[in-house]
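A.B. asks: Could you work out the structure for the sequence below:
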Amino acid sequence: MKDRIVTVFGGTGFLGRRIVRHLSKHGFSVRIASRHPDRCHSLFGHDDPQLRFIQADVHDEWSVADALACAYAVVNAVSLYVEHGHETFHSVHVESAERVAAQAFRAGVKRFAHVSGIGADPSSSSLYIRKRGEGELAVRAAFADALLIRPAVMFGPDDAFLTTILKLLDQLPIYPMFGRGRTRLQPVYVEDVAEAIARTLQPTGTDLITFECGGPRVYSYEALLRAVAHEANIQPILIPIPFAAWHALAWIAELLPSPPITRNQVELMQIDNVSSPDMPGFGKLGISPRSIEEILQEILGNTKTG
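C.D. replies: Reported below is the predicted structural model:
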């Protein structure tokens, strides 16, 4: 049925593949639009009749249009954290986001969900945050009723955030903190974000069009490190390292083919990542977000066996 088809761009990513599964649980037929649809089978298997893998590239207008044919709803979960070659924050978060939104509007799509991030701001000094903000404006210009989903930093069993912290806490007797560890974070479980997106796309869903999804607790960066270390039975020595030193290190690291840290990532760690109390979030969707402490044992198990 046309009113149950959802096309997901970025459906093979950390958040995207969870969105696909939650949409399927809600009874939607899901098209996973990917540049390499053959790789989707290893993520989702071959047995779910509700899933269809199609080739599409968000940089290509015609393939986007084909992926949207007869769709009821669209989710754009394509993201980029490190620029490389023609894949830039502007090309992905602004140009491609606008392209998908414009094609969705032309195709008569009823609901469009665009995944952005808490703090997205077109006037930010951070290139990443600025392009996220410009992307939101471009999407809304192309599809006026687009849903904007702004998650805080996400965690889960195979993430690049908490898993990395755990490994470094375990391996380093002295842990170098970003600055004095005062940056405020509100980590959110990736499955909760995926469920929120699935609920917003229901035909009888909310009329609200912007959601900020943060976890149940706000931590300082230092408090987060200590909470994770406590759960993992680790007693690290936390040493504050000035952000100026991190920027210099990142500048050198960016000369490598696959830099372990970038100046953009350092900039992000200087900015609080906390949802606004004035913005609708999980509560409006009937979701009680789960905390790091609730999920951490699963992540610890994966880290030990990985």
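
A.B. asks: and residue 239, backbone torsions?
C.D. replies: Backbone dihedrals for residue 239, given as degrees, to the nearest 10, come out at phi -120, psi 120.

A.B. asks: can you tell me which residues contact it?
C.D. replies: Contact analysis of residue 239 by CB atoms under 8 Å, 6 or more residues apart in numbering lists 174-177. The C-beta positions use only the backbone N, C-alpha and C, and glycine is treated the same way.

A.B. asks: Just the closest of these to residue 298, please.
C.D. replies: Distance from residue 298 was checked for each of those by CB to CB. The minimum falls on residue 175, at 22.6 Å.

A.B. asks: Which strands or helices does the one helix or strand that closest one maps to pack on?
C.D. replies: If you go by DSSP states H and E, residue 175 is part of strand 174-178. Contacting strand 174-178 under the criterion 3 or more CB pairs under 8 Å, 6 or more residues apart in numbering; DSSP states H and E are the following elements: helix 221-231, strand 237-241.

A.B. asks: most tightly surrounded among the ones you listed?
C.D. replies: Burial among the helices and strands packed on strand 174-178, expressed as mean neighbours by mean count of other CB atoms under 10 Å, is greatest for helix 221-231, which shows a mean of 18.

A.B. asks: Let me see the ranges of the strands in the stretch 201-306 of the chain.
C.D. replies: Assignment of strands within the stretch 201-306 of the chain using DSSP state E, counting those that start in this stretch yields the ranges 210-213, 219-220, 237-241.

A.B. asks: Of those, give the one that comes closest to residue 256.
C.D. replies: Taking CB to CB as the criterion, strand 237-241 is the member of the strands of the stretch 201-306 of the chain that comes nearest to residue 256, at 19.6 Å.

A.B. asks: part of a strand, is residue 33?
C.D. replies: Yes. Per DSSP: H, G, I helix; E, B strand; the rest coil, residue 33 lies within a strand segment.

A.B. asks: what ranges do the strands span in the stretch 51-200 of the chain?
C.D. replies: Listed in chain order (using DSSP E, counting those that start in this stretch), the strands of the stretch 51-200 of the chain are 51-55, 73-76, 111-115, 147-151, 154-155, 174-178, 184-185, 188-189.

A.B. asks: in terms of contact count, name the helices or strands touching the lengthiest helix in the chain.
C.D. replies: Selection of the longest helix in the chain by residue count, based on DSSP state H, yields helix 127-142. In this structure, helix 127-142 makes packing contacts with helix 89, helix 97-106, strand 111-115, strand 147-151, helix 263-268, judged by 3+ CB pairs under 8 Å, 6+ apart.

A.B. asks: what residue ranges in the stretch 51-200 of the chain are flagged as low confidence?
C.D. replies: Per-residue confidence of the stretch 51-200 of the chain (counting by pLDDT under 70) places no residue in a weak region.
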